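Colleague: Everything below, folded, please.
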Amino acid sequence: MSFKHFALAAALSAIAVPTLAQDKPVLTVYTYDSFAAEWGPGPALKAGFEQTCGCTVNFSASEDAISTLRKVQLEGATSPADVVVGLDTATAPEARKTGLFATHDLTLPTLAINWADAEFVPFDYGYFAFVYNKETTPNPPKSFEELIALPPSFKIVLQDPRSSTPGLGNVIWIRTAYGDRAPEIWQGLKPHILTLSRGWSEAYGLFLDGQADMVLSYTTSPSYHAIAEQDGKYAYAAFTEGYVPQVEVAGVLKTAKQPELARQFLAYLVTPEAQAIIPTTNWMYPVLDIADTLPAEFGTPPANVLTLDETVLDTSLKAWVDEALAALQ
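Modeller: Next up is the predicted model:
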């Protein structure tokens, strides 16, 4: 190498060193599509966290929380993810059994829900419900049994429990409310089911297109229409069986390349700043009491809530899914 070339290389190195020193660590977050979408909570949460972490947040999205979990299970110890966001009440037991998640070691603030979990931190919650259009369905059914008694022309859209967390939640809802009568309920629903969609978005789209009278969604879904569209014609059917809660959670992988940043991100998710973002982007209830920041259109959560036992879910959920699918054959 000539001196001239050596001098040029040295000069370039001198320029490059400060640039490398300024490189920010990257926090890789696995989540589901709608969370990371431009209209979801992801972009605002990313911007808020990056203001204080000195890092870059990179979202890697799958179609659904179930798809996200399957991806992590497939990758195992080789997963590039630091954090998984969007697992829920139904999928957390399976995620826990993988042994891939670390304890978060955080002291959480006082939450609006009862929560004690060493591995997963909650960031929002909601309740499964059937949403309908008040103009086209002025007298909605008030229970699964009333729904079954309607003419077969009354159609609903459900999600497949093998690929969708709302679909899985509906299996839990029916089994929790009806116990051993669950197959009977599923058989009664069969004539009314337009389709079992792969995910929530497809199902809700079919409903909005007028192809079904009701769709399995959340008690908070009408809040979206009221706030974002100034449209008050949507509501959820008040089922007398009660409602099954869904708590969405985040966890740190044991193989995280940025474990400290990962825990900081989980802690950020339950700050007032982050929680104020959740309602009108993910359209769920925040796990913190954010007082006047929660739009009035959200109302109050349902009082008649069915109790779930994670141990029972862990041991029985697969059998419940198989039972439901068999009844629909």
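
Colleague: who's in contact with the residue found closest to residue 111 once you drop the neighbours it is linked to in the chain?
Modeller: Excluding its sequence neighbours, the residue lying closest to residue 111 (Cβ to Cβ, 6 or more residues apart in numbering) is residue 287, at 4.9 Å. In this view, the C-beta of every residue, glycine as well, is placed from N, C-alpha and C. Under the criterion of Cβ atoms under 8 Å, 6 or more residues apart in numbering, the neighbours of residue 287 are 111-113, 115, 122-125, 247, 270, 275.

Colleague: Would you check how far apart residue 287 and residue 276 are?
Modeller: According to Cβ to Cβ, to the nearest Å, residue 287 stands 12 Å off from residue 276.

Colleague: Same question for residue 76.
Modeller: Counting by Cβ to Cβ, the gap from residue 76 to residue 276 is 36 Å.

Colleague: who has more neighbours, those two?
Modeller: Taking other Cβ atoms under 10 Å, residue 76 and residue 276 do not tie; residue 276 has more neighbours (18 against 12).

Colleague: Quick check, pLDDT for the more buried one.
Modeller: The score at residue 276 is 96. That number is its pLDDT.

Colleague: Test my guess that it contacts residue 290.
Modeller: Yes. If you go by Cβ atoms under 8 Å, residue 276 and residue 290 touch, sitting 5.5 Å apart.

Colleague: Could you give the number of residues near residue 108?
Modeller: Other residues close to residue 108 by other Cβ under 10 Å number 16.

Colleague: Report the contact partners of the closest residue to it other than its chain neighbours.
Modeller: In space, and not counting its chain neighbours, residue 108 is closest to residue 270: 5.9 Å by Cβ to Cβ, 6+ apart. Residue 270 makes contact with 108-109, 111, 121-123, 287-288 under the criterion Cβ under 8 Å, 6+ apart.

Colleague: Just the ones of the residues you listed in strands?
Modeller: Mapping the contacts of residue 270 onto strands (DSSP state E) picks out 121-123.

Colleague: In terms of distance to residue 314, which of the residues you listed ranks first?
Modeller: residue 122 (18.0 Å; Cβ to Cβ).

Colleague: Can you give me the distance of the closest one to residue 208?
Modeller: Distance from residue 122 to residue 208, by Cβ to Cβ: 29 Å.

Colleague: and residue 85, what element?
Modeller: Per DSSP states H and E: residue 85 is located in strand 83-88.

Colleague: Residues contacting that strand, please?
Modeller: By Cβ under 8 Å, 6+ apart, strand 83-88 touches 27-32, 35, 65, 68-69, 72, 95, 101, 120, 123, 165, 169, 246-253, 256, 262, 265-266, 269.

Colleague: Strand partners (parallel or antiparallel) of it?
Modeller: strand 26-32 (parallel), strand 245-252 (antiparallel) (DSSP bridges).

Colleague: buried sites along the first one?
Modeller: Residues of strand 26-32 classed as buried: 27-32 (neighbour count, 16 or more other Cβ atoms under 10 Å).

Colleague: Quick check: mean pLDDT of it?
Modeller: On average, strand 26-32 scores 97.

Colleague: Mind exporting the C-alpha coordinates of that strand to PDB?
Modeller: Backbone C-alpha positions of strand 26-32 (Å, rounded to 0.1, in the frame of the first residue of the first chain) are rendered in PDB as follows:
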ATOM      1  CA  VAL A  26     -31.800  -2.100  17.900                       C
ATOM      2  CA  LEU A  27     -34.700  -3.500  19.900                       C
ATOM      3  CA  THR A  28     -36.500  -6.100  17.800                       C
ATOM      4  CA  VAL A  29     -40.100  -6.500  18.700                       C
ATOM      5  CA  TYR A  30     -42.300  -9.300  17.300                       C
ATOM      6  CA  THR A  31     -46.000  -8.400  17.200                       C
ATOM      7  CA  TYR A  32     -49.100  -8.700  15.000                       C
END
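
Colleague: going forward can the numbers begin at 30, since that is how I track them
Modeller: All right, first residue 30 from here; so that's strand 55-61.

Colleague: List the contacts of the helix or strand following it.
Modeller: Downstream of strand 55-61, the next assigned helix or strand under DSSP H and E is helix 62-65. Helix 62-65 is contacted from outside by 69-72, 88, 90-93, 114-115, 229-230, 311, using Cβ under 8 Å, 6+ apart.

Colleague: In terms of neighbours, single out the busier of residue 151 and residue 237.
Modeller: Per other Cβ under 10 Å, whichever of residue 151 and residue 237 has more neighbours is residue 151, with 23 against 14.
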